[in-house]
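>>> give me a model of this one.
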Amino acid sequence: MAQGYVALVLHAHLPFVRHPEFPRFMEEDWLFEAITETYLPLLEVMEGLERDGVPFRLTMSLTPPLIAMLTDELLQKRYEAYLDARIELATNEMRRLRGSKEFYPLAEMYYGIFVRSRHRFTEQYGRNLVQAFRRFQDSGQLQILTCGATHGLLPLLQDRTIQRAQIHVAVEQYRRHFDRDPVGIWLPECAYVPGLDELLAEYGIRFFFLETIGILRADPPPVYGVYAPLYTPSGVAAFGRDPESSAQVWSKDSGYPGDYDYREFYRDIGFDLPLEYVGPYLHDRNVRHMLGIKYYRITGKTDEKATYHPGWARQKAELHAGNFLFNRTKQIEWLAQHMDRPPIVVAPYDAELFGHWWFEGPQFLDFFIRKVHREQDVVELITPAEYLDRHPVNQVAVPEISSWGANGTFEVWCNGTNDWIWPHLHQAGRRMKELAHRYPQAEGLLRRALNQAARELLLAQSSDWPFIMTMGTTVEYAVRRFRSHIARFTKLYEDIRNGEIDEPWLQEIERRDNIFPEIDYSIYRWTD
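I've put the predicted structure just below:
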């Protein structure tokens, strides 16, 4: 038997971005890039492991906004158009670079990626990646987590009914897509305050994840640190992030993705080549953005970048996977000497790190999982639910208030750049509850308006908007999105109160913000 376990946890999330009012929209590329560079490669890794008879265990969240986008017909068609444009661009690149021993093979590589992605998405998966991931859950190799309905930062929403709505809508959507109840949840931003676990227990959720300090500062202190879960007073288990395995992958200075042989993310032909050449593939011919074709490796801390060599990068991915396994082996061997149960090393990451930000990330995962299976007997891959099944007796404690943001606090989502949003959210929450109690049995047009008000409130609550405001990237878009959802909610509130619902306008925003088509506004009537 193995001496201990590693739980690889990938958090797959993107904000709900869908703009049918425009023929195409730049921020929708966030989804299309993630499909091409992360979700399809991860499926390819799992399929390869299955084909080769390599057992594996992965845990992965698919958040409700991501599921909604992946199953949306409009976005599916737009993704195919996105790939068609990239195939054309890569074809042009092969023509432009023909005869170049240095760059032509790279252009050919990207052409192959785009063509293969087009075939797999349309023909192999029938456009439905959610069901592709579901197949691995049904076979017992992948555990899919739910999340908050729109990744709302639950502690700062404050009101119990408002928090519960985020959980309830997420659980209902999960049931519709996976035909089962979720057993685990990724709390948005791993943000926790005591009492949230009670809401999770109401829905039969068995476990969640916390930043390291959320476990280490628990009351009473954890006997085994983050290497065994804690049961909260409600009976839901909290698993803590292992800082050592996290730093080896996440750290911008010492983490694997910074190796000089890996592909440079920031050198893209969307910026490197003449505007008249790349212009047809930009959303605005005068505004450059990334197009997904990159020819250079990190090289070093210099603006002079050397050509990318996929073979060298693949060798580094295998080397780093071996190093990661070596470190986990030694870590577990040491921990096992001091514990009365096998330790579990929980290694959670943003899924989009693998493939999108770190191009070789899926190769790293593939090498690591194969090495775990073939090269040692100390470490076993496991899901959190399996760990609880094997080791059901654990310490009871109250975790500390925490998040996985800067300093383990909520400051990323509430600071001088974005604190203005919270009074609006709290007032909208109170108004939503007021409407739900005032109109308990609404039908027809009134019910449509109430349900849309619930959607607009949930979309406004997304933690992505204040995060973007803090990070300083696409701030204008984040502010516009937040203000538009609050404005739509406010108009709905006033129209409903005045008995003057604008049906043509309602129909238009139902078309635009069509997330959670089966939502029931009455969830906001619930009280403790």
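>>> distance of Val278 from Phe32?
Separation of Val278 from Phe32 (CB to CB, to the nearest Å) stands at 17 Å. All C-beta atoms are positioned from the backbone trio N, CA, C, and that covers glycine.
>>> kindly report the same for Ser484.
With CB to CB as the criterion, Ser484 and Phe32 are 22 Å apart.
>>> and what of Ile213?
Distance, Ile213 to Phe32, using CB to CB: 36 Å.
>>> and Ser484 and Phe32? Which one has more around it.
Applying other CB atoms under 10 Å to Ser484 and Phe32 shows that Phe32 carries more neighbours, namely 21 against 16.
>>> any idea which helix or strand carries that one?
Assigned by DSSP states H and E, Phe32 falls within helix 29-34.
>>> how about the CA coordinates for the helix or strand following that helix, as PDB?
For helix 29-34, the following helix or strand on the C-terminal side (DSSP H and E) is helix 40-51. Taking Å, rounded to 0.1, in the frame of the first residue of the first chain, the C-alpha atoms of helix 40-51 are listed here in PDB:
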ATOM      1  CA  LEU A  40      -9.500  20.000 -24.800                       C
ATOM      2  CA  PRO A  41      -5.900  19.200 -23.900                       C
ATOM      3  CA  LEU A  42      -7.000  18.000 -20.400                       C
ATOM      4  CA  LEU A  43      -9.600  15.700 -22.000                       C
ATOM      5  CA  GLU A  44      -6.900  14.400 -24.400                       C
ATOM      6  CA  VAL A  45      -4.600  13.600 -21.400                       C
ATOM      7  CA  MET A  46      -7.400  11.700 -19.700                       C
ATOM      8  CA  GLU A  47      -8.200   9.800 -22.900                       C
ATOM      9  CA  GLY A  48      -4.600   8.900 -23.400                       C
ATOM     10  CA  LEU A  49      -4.300   7.600 -19.800                       C
ATOM     11  CA  GLU A  50      -7.500   5.500 -20.200                       C
ATOM     12  CA  ARG A  51      -6.300   4.200 -23.600                       C
END
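>>> next structured bit after helix 40-51?
Tracing the chain past helix 40-51, the next element assigned as helix or strand by DSSP H and E is strand 58-62.
>>> residue contacts, Ala68?
Phe16, Gln173, Ile515, Phe516 (CB atoms under 8 Å, 6 or more residues apart in numbering).
>>> flag every buried residue along stretch 187-203.
Neighbour counts over stretch 187-203 (16 or more other CB atoms under 10 Å) mark 187-194, 196-200, 203 as buried.
>>> sorry, slip of the keys, the one I care about is stretch 521-528.
Buried residues in stretch 521-528, counted by 16+ other CB under 10 Å: Tyr521, Ser522, Ile523, Tyr524, Arg525.
>>> how about stretch 203-213?
Tyr203, Ile205, Arg206, Phe207, Phe208, Phe209, Leu210, Glu211, Thr212, Ile213.
>>> and what of stretch 418-437?
Neighbour counts using 16+ other CB under 10 Å place Asn418, Ile421, Trp422, His424, Leu425, Ala428, Gly429, Arg431, Met432, Lys433, Leu435, Ala436 of stretch 418-437 among the buried residues.
>>> and whichever helix or strand the third one is part of, how far out from the chain middle?
Looking back up the chat, that one is Trp422. Taking DSSP H and E as the definition, Trp422 sits inside helix 421-438. Averaging C-alpha positions (CA atoms, centre = their mean, to the nearest Å) puts helix 421-438 27 Å from its chain's average.
>>> same question, stretch 348-364
Relative to the centre of its chain, stretch 348-364 is centred 12 Å away, using CA atoms, centre = their mean.
>>> same question for stretch 214-225.
27 Å.
>>> assess the claim that Pro362 and Met46 are in contact.
No: counting by CB atoms under 8 Å, Pro362 sits too far from Met46 to count as a contact (9.9 Å).
>>> of the two, who's got more company?
Neighbour count, other CB under 10 Å: between Pro362 and Met46, Met46 has more, with 25 against 22.
>>> count the neighbours of the closest residue to the more buried one other than its chain neighbours for me.
Closest residue in space to Met46, ignoring its immediate chain neighbours: Phe136 at 5.4 Å, by CB to CB, 6 or more residues apart in numbering. Phe136 has 21 neighbouring residues, counting by other CB under 10 Å.
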